[in-house]
Each structure stands twice: as C-alpha cells, then as structure tokens.
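K.L.:
got a sequence here, can you build the structure:
(chains A, B and C)
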Amino acid sequence: MKTPEAIKEFGFWSLFFLIFGLAPILDNSEYHLMLATHILIWGMFAVAFNMLFGVTGMLSFGQALYYGVGAYSVGLLVRGFGDTWFLPSIIVGLLVAVAVSVLLGLLVIRVSGVYFTVLTLAFGQLAWQVTLKWYHFTGGDDGIQSIIPPGLLGNNRVYYWFTLALVALSILALKRLVNSPLGLTLRCIRQNPERVRFLGRRVRRNELRVYVVSSFFAALAGCLMAGADNSIHPDMFYWTTSGEVILMAVIGGIGQFFGPFIGAAVIIIIQDYVGARTEYWSLIIGLIMMTMVLLFPQGLVGEIRSLRTRLVSGERNRS
Amino acid sequence: MDPSFILMQFLSGLMMATLLFLVASGLTLIFGVGNVFNFAHGSFYMIGAYLAFQVVSSCHANFWLSVLAAALGAGALGMFAEATFLRRIYGRSQEGGFQILLTYSFILIIDDLVKLIWGTEYKSLQRPEGFKGAVNFFGLTIPSYNLAIIGIGILVVVVAWLILSRTRPGRIARAAALDREMLGSLGINVPLTMTLVFGIATAMGGFAGALAAPLRSVSPGAGIEVIIDSLIVVVIGGMGNFWGAWLGALILGEVNAFAIATAPDWASLFSYLVMALTLIFKPEGIFSSRRVRKV
Amino acid sequence: MDAILTLDSVTKSFGGLRVTSGVSFSIDRGSISAIIGPNGAGKTSLFNEITGYLKPDSGRIIFQGAEITNLSTREIVARGMGRAFQVTSFFPEETVLDNVRVACLSRMDLTRKSIKSVSRFTKATDRAVSILESLGLDKYAKRPAFELAHGDQKLLDIGIALGIEPKMLLLDEPTAGMSPEERLLTRNLIQKLWKEFNLTLLFIEHDMDTVFGIAQTVRVLQTGRLLAEGTPEEIRNNPEVVTAYLGEEVF
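P.N.:
Numbering: from 1, shown residues only, chains lettered A, B, ... in the order given. From the prediction side, this is the model:
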C-alpha cells in the first residue's frame, strides 16, 4: 500500500543516499566533507529532539545536556585511556545519558508546559556550569583537544562513512518508532493527554520513555561530534546549543518527521555562508526564528506540503 | 559562626533578593495575568541597564532620572513587542511552545542589537550622589546604596500590594489571572490590557536592570543569566504568584549570599539545589495559584 | 440480575459546595439507564468520580465486585470502564482509523512492545475497522479526525471508548449539539451498540425523547442528591421530579 507518508519516506531516503552517498565521491574538498558530517550529526540530533517537541509536545530547552554528556564521555575517556577507548567510550556515553535522563526525567516530567521547558533549561545550564568550574576533571573553559579516533576511523573520509551509517540507522529507528504504537500514543499525548489516560495508558511513563529515547540520540550526536571535530568544549552544554537544535526543528517543520533534518541542513549551510561574513549570527537566527514562528509555523517542509495540498484541491475543484 | 558575619551576609542576601524580586515579579506578573511566558524578560533587564548607562553618559542626567528613563524605555519596547509580535500567536494551538520560541527570538535579536549599539565591552555606572559611602549598622559597614535598594524593594512591595488590592486596575489584573474570556465579557478591552500589563512587566525588568547597573557591570548576554535566576525564583515561589516571587527571591538571595561567602566557586549550584528540592517536594511551588502537576 | 456497579453513599465537595451528596445506587449488568437533572446537578462530577478522575471524600464505589474508589483512572479503565465525553474528546490530527486503533492497541497492551508499524497489527486494525463500521464512520477512516462533522466526532468519541472493550460504558450527553434528525439516528445507534457489544450503558442526557425512549431505568440528580430512581413511567409520574426538573412543558 503506497500511502503519501510512505512515498515521502521513500523520497527522503533516496535523496539522502544520493546526496550523502555521492557527494564525498564527486567532491574532494575536505571542507565540504566536514560540512556534510556536521549536517548528518545535527540532523539526527534535531530529529531526535523533535520526538519530544513535535511528536509529544514537550519543548525541552536542555537537550544540550545530553549532547554534552556524549561528547565529554568520549573526550574524557580518550584523554584518560588512549584512543583505543574511542568506540567503547561511545557506548559509555550512551549509557551515562540513559542513566542521567531517567533520573532527571523523573524530576522534570512532574511538571508540564512552560515549567517543563524552564526546568530542562535550568538543568542544562547547571551541567554547563559544572563543566566550566570542574577544571581538573573537564579542562574547564579550554575543553579537550586532539580527540583522534583510532586506526582507520582517524581518516576523515572513513569517519564520514561511519557517521553516515550510524545516522542512517538512528533515523530509521526513530522513524519506525514514530510509526509504531508507541509513536501513535505519543502523538495522542500531545493532542489530548486526558483522553490517553482514559485509554488506560500512563501519560508520564510514556513521556519519560520518549525523553530517554531523545536524550539517547542527543548523546550519540555528541559522541560523533567529538570524533568529527577532534575537540570538545563546555559550550556544547550551553543553552544556545539547545536553542540551535530547536531552531533547526522549527525551520524544517515540527509536524514533519524529516523536517528537522532538512532544517539542520539549511541552518548549517546558512551558518557556513553568513557566519563567515558577519559577527551578528544571533541576530540572523533570531530573525529567522521570528519569521518562522509568525509566518510559517509549519516549517519549510510543512508549508510546502500544505501549499501543494491547496493547489491540488484547487485544481480538483475547478475540474 | 560570628554573628556579625551572619548579619552581614543576611543583609547582602536581602539586597540580592530585592533585585531578584524586582525582576522576577515582572516575569510572574505577565505570566499570572496574561498567561504569557516571556522568555526574554532578562533581555529587558539588560536593556534597562544599558539605557540608564546611556542617559547618564550622554545627558549627564541624575542617576534616579536615568533609572526612571530606563524603566519607561524598557516598558515602551515591551509594549511594542507585545502589540507587534506576541499578539499574533495568542490562541494558536501549542501556544505555550510558540510563546517560548518567539520570545527566544527576542533574546537573540536584542542581544545583537545591544552589541551593535553599545559594543561588547562591560559597562558600569557610578553609584548616585549621596549613596557612594557606607553607613554604620550595628557595628557593620554597609554600603548605603545597598540599603537604598532594600528600601526601594520594600516600597515597591507596598505600592504593588496597594494597587492590587485597592484599585480598579489591580482588581482587573487579578480577575484576568482568573479568566481571560470573562474579562472580555465584562466589556474590558482585553488586547489593550495585555499590552499595558506587558509594558508594566518589562518596565519592572528595566527598572531592576538600571538599579543593578552600579553593582554589577552589564554586557551583552546578561539577559540569559538574569532570566535563569528569575525562573528559579518563580519556580520556587510558584509561577504567577506575586508573594511567591517575593518568597522565592528571599530564599534564593539568602542562599546565594551565604554560598558565596562559604564556597564562592560553587555558589550558583546551590540555587539549582534549592530548585530541585522544591520540585521534588512541591513541584507547583511554595505558593501555587494554579495546578501545574498533571492530574 | 447482579450489579456491575454499586455506589454507596458517595460524597464530594469543593470548598463549601457539595457536588455529590450521599449518592447510592446499583446498576444491573447488561442494563441501559440514564441520569437526568438540571445543569449543575453534579451529573458529570458523578462520572468523574466513577472513572477515578475525582476522588470522593467519602463513600464507596464497587465495580465488577471490587472496590475502585481510590484507584487511578488507568486502573479503572483497565477493569473495563469506558467513557465518552460531554466536550467531545478525541485526537484531532490523527486519522479516524488511528483514533480508534490507538484504543484497540492500548487494550491489547501493545503500545510499547514493538516498533512495528501500527498497520502491521492486524488484529487491532481489524477490530478498529469493525468498530468504525458499527458506527458508520468507516468511509472516513483515512481522514484526519478534525475534518469530521460535529455529530460524527461525537460518534468517534464513543468509538474510542469502545476500542478499549469496556464492560460498562458511560456516555456524557451523547446527543448534545445535534439536530433532531441526528438525535434520532444516534438514539437508535446507541441502542444497537448496547446490544452488539454486550454493554452496560449509563448515560447523561438532556433530550427527554432519548432518555424515555431507550433507558430501562432513569435516575434524577438534583444539587448532588439522588432525587428519584425508577422506570421511565415512574419518573414521568413522580410529582417531585416534575416540579424539580421536568416541569409541565415536557408532557
């Protein structure tokens, strides 16, 4: 059965593999390779974030916490025990993120709406401050440099394929989750939590589940970024990191599964183009955010989709 | 512990609490009355500090006049932002989320505009004439400006209480906290009321920023620190509750003052600790006027 | 006949206001009955107490032989209590099919066991489709629920409740906001569903044709108190009920 959703999914994956599979073969630039790696990692981060906001209706302003946890797990272990620890440290990072998100999640899901946003923000900032002040352990403001993945992974091109594979698998897993009964339940929680209780489901338990899932993939993004940039810094925990991932989701469209990935690509390309020419980057993203919220709340992908729906139904009406 | 040390820290905490209260009360006012969460409230505080600095340095105006100008300026900007942008998203589905996103864009834009106008260096203000020295207080030397701030805080609390309980606008504000639609049916101009309340709230933010300018130098990005502190205050006290903001500010100010004196590096962590404890035992805040816990 | 639901002097107040005042009654398994009363009589509050949404201050509620007074909504639903709402309650952005399917999946406890696509759960899907057929909504299965007409949304709300395979179903003003023609159709439909799904039905209703047309027992609530209980004939002729609520114009 070919539903519109299935066609869209097919379209995304064809484009995804066409662009990210062919680009590094056709284009030899190391710089473009780095950009593509960043788009993949941020794209996965944004899709995972949107599981909370777009799907379940929980606006977290603290997903940077888990991104940082992933990055620092890799950075600290590689610095402490050598580069052979790179792959195990990713697993450690993911486990730590799950543990932290369960504990913190039990606290933050006690409240909803604005309070949830505020709390996630506050705990994210707490993690940032601890990282900044615990100099002996985290390197404070300096961060950690020269995190080189071992062996073949040390090669940027190989690392790119490694990232591509993990990101594709992650997005595929998240997509299946969204289509599964749990995903349906989460969407229902956004639209009518009271009614979900009357289906005999626990709303908070399901919110905790998606919080942990989203945090897991945020941490994976952090782990991968540590290897991609070969360095980490405390700003990965900073609230602007959470803000950036929110912006990506909003630009792409929070109501669309693949929207946030597209949003990530758009932001990274704009950042690359504009960032080199002006120091007023936050003014630009502020204006973009304002425009999206006021005029295009469905995001690029969502607006294009509803425009097409309008055109199609307009034609049908005329004939 | 030395009693004079305790008294000293207590007074220093009281001053911090007053500043926190002045900022947080604006945040809680617009949330309680208008059901709007202004994430950019700290940015209006920052604008207040910069405006005061500008008025003093370019007009050589009296400090207190500059504080007034800062409050009016921040209030006017707040009213502009509400009437031009925020108003457009009232009533939209997932309004709460979009309020945060829109006011988040204000933070980003204001940060860079401040950078454009005043540059990135730290700015600070002289203490006003007559409050440059210190006074003797039970054998302690207390900067007189600190006492002035505490006094202003008390004055604001009294005036706000009188307005809320004795005047018609105050009663309207309290009614709005109960029911936005009911107000409309009473023939009150709801959009105008919202704009005015937003203006008052942001003016209070600007007022606090200007008052704090002689104590803490200000630089772009100050907005976010302030908003997080105010958020902790309202989470502790109960969002949307005037007296809750007062109590939350007092707790946070005192915790901070004693933490700075004993463990300066980790002082800010104590604020989070208090907040986490509140959340565990009383997630709706100490004075809650509404249900935040899910049924 | 045995009782499926028993209320034993259930009482609840908000501040000084008593919304439920010592209400006791029993409902026979497999019966269909109505609760009537003026606005503010505490009818919806009573439903809220039965479904664990409000906790009574005192009194006991027994459902299927076990006390449910202090259980959560989730636990009461799991024991076979379904409910449709006065203010229509459904999932507007999901398709009509998914609205019911999520209920069927919940009933089968499948909402967290696998990340297979929902359409692969054939048992739940078949069940959802058959519920939609019973309600006459199957032709809209693929449409998002917000596109439905108001009357159909009320039916969808009932459909979601049926998805959890309730033993007992509470309907809060099923015909509110409907035209007289729609009311007649709904009345017949409710009667049909009652038989088809072997339900015990308890409904709140203001439309007297519906109440006296299909209820076997009618209970009258006034200011939180059970004023009268009896067959439609008895209630119609009860002088207290007539003065308190029904008035002259009904007859």
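K.L.:
pLDDT averaged over stretch A:155-166 - what is it?
P.N.:
Averaged across stretch A:155-166, pLDDT comes to 94.
K.L.:
quick one: that stretch to chain centroid distance?
P.N.:
18 Å (Cα atoms, centre = their mean, to the nearest Å).
K.L.:
who's in contact with it?
P.N.:
Residues from elsewhere that reach stretch A:155-166 (Cβ atoms under 8 Å, 6 or more residues apart in numbering or on different chains): A:20-21, A:24, A:30, A:33-34, A:36-37, A:40-41, A:149, A:152-153, A:220, A:224, A:227-228. C-beta: built from backbone N, CA, C; applies to glycine.
K.L.:
if you count neighbours, what's buried in that stretch?
P.N.:
Within stretch A:155-166, the residues scored as buried using 16 or more other Cβ atoms under 10 Å in any protein chain shown are A:159-160, A:162-164, A:166.
K.L.:
what about the nearest residue to B:Phe53 once chain neighbours are set aside, neighbour count?
P.N.:
Spatially, and ignoring its direct neighbours in sequence, B:Phe53 is nearest to B:Lys123 (4.9 Å; Cβ to Cβ, 6 or more residues apart in numbering or on different chains). Neighbour count of B:Lys123, defined by other Cβ atoms under 10 Å in any protein chain shown: 18.
K.L.:
repeat for A:Ile90
P.N.:
Using other Cβ under 10 Å, the number of residues around A:Ile90 comes to 23.
K.L.:
residues in contact with A:Phe116?
P.N.:
With contacts defined as Cβ under 8 Å, 6+ apart, the neighbours of A:Phe116 are A:58-60, A:108-109.
K.L.:
give me the subset of these that also touch chain B.
P.N.:
Contacts with chain B within these, as defined by Cβ under 8 Å from any Cβ of the partner chain: A:59, A:108.
K.L.:
check the contacts of A:Phe116 and tell me the two furthest apart.
P.N.:
The largest separation in the contacts of A:Phe116, counting by Cβ to Cβ, is between A:Leu59 and A:Ile109 at 12.9 Å.
K.L.:
so for those two, which residue has more residues nearby?
P.N.:
Comparing A:Leu59 with A:Ile109 by other Cβ under 10 Å, the one with more neighbours is A:Leu59, at 26 against 20.
K.L.:
now do the SS call for the more buried one.
P.N.:
Three-state call for A:Leu59 (DSSP: H, G, I helix; E, B strand; the rest coil): coil.
K.L.:
roughly how far apart are it and chain C?
P.N.:
Separation of A:Leu59 from chain C (Cβ to the nearest Cβ, to the nearest Å): 17 Å.
K.L.:
for B:Ser268, same thing?
P.N.:
Taking Cβ to the nearest Cβ, one finds B:Ser268 at 39 Å from chain C.
K.L.:
quick one, what contacts that residue?
P.N.:
B:Ser268 makes contact with A:129, B:256, according to Cβ under 8 Å, 6+ apart.
K.L.:
mind listing what's buried in the helix or strand where it lies?
P.N.:
Element membership for B:Ser268 (DSSP states H and E) is helix B:267-281. For helix B:267-281, a neighbour-count test (16+ other Cβ under 10 Å) marks B:267-268, B:270-272, B:274-276, B:278-279 as buried.
K.L.:
so which of those residues is the closest to A:Gly302?
P.N.:
Nearest to A:Gly302 out of the buried residues of helix B:267-281 is B:Leu279 (Cβ to Cβ; 34.2 Å).
K.L.:
next up, the contacts around that closest one.
P.N.:
B:Leu279 touches A:107-108, A:110-111, A:119, B:235, counting by Cβ under 8 Å, 6+ apart.
K.L.:
what does A:Leu182 give?
P.N.:
Counted by Cβ under 8 Å, 6+ apart, A:Leu182 has contacts A:206, A:209, C:111-112, C:115.
K.L.:
B:Ala213 too?
P.N.:
B:48-49, B:52-53, B:123-125.
K.L.:
so where's the longest helix in the chain?
P.N.:
No chain was given, so I picked chain A. As assigned by DSSP state H, the longest helix anywhere in chain A is helix A:203-229.
K.L.:
that's the wrong chain, I wanted chain B
P.N.:
In chain B, taking DSSP H as the definition, the longest helix is helix B:3-34.
K.L.:
how about the residues of the stretch 51-200 of chain C by chain A?
P.N.:
Counting by Cβ under 8 Å from any Cβ, the stretch 51-200 of chain C sits next to chain A at C:51, C:73-74, C:77-78, C:82-83, C:85, C:89-94, C:98, C:101-103, C:105-107, C:110-119, C:121, C:160-161, C:163-164.
K.L.:
return the subset of those residues lying in strands.
P.N.:
In strands, defined here by DSSP state E, the members of these are C:82-83.
K.L.:
out of the residues of the stretch 51-200 of chain C next to chain A, which are buried?
P.N.:
Among these, those buried by neighbour count (16+ other Cβ under 10 Å) are C:51, C:73-74, C:77-78, C:82-83, C:85, C:89-91, C:93-94, C:98, C:101-103, C:105-107, C:110-111, C:115, C:117-118, C:121, C:160-161, C:163-164.
K.L.:
among the residues of the stretch 51-200 of chain C next to chain A, which are located in helices?
P.N.:
Under the assignment DSSP H, these contribute C:73-74, C:77-78, C:98, C:101-103, C:105-107, C:160-161, C:163 to helices.
K.L.:
from the stretch 151-300 of chain A, which residue is nearest to chain B?
P.N.:
Residue of the stretch 151-300 of chain A nearest chain B, by Cβ to the nearest Cβ: A:Gly286 (3.0 Å).
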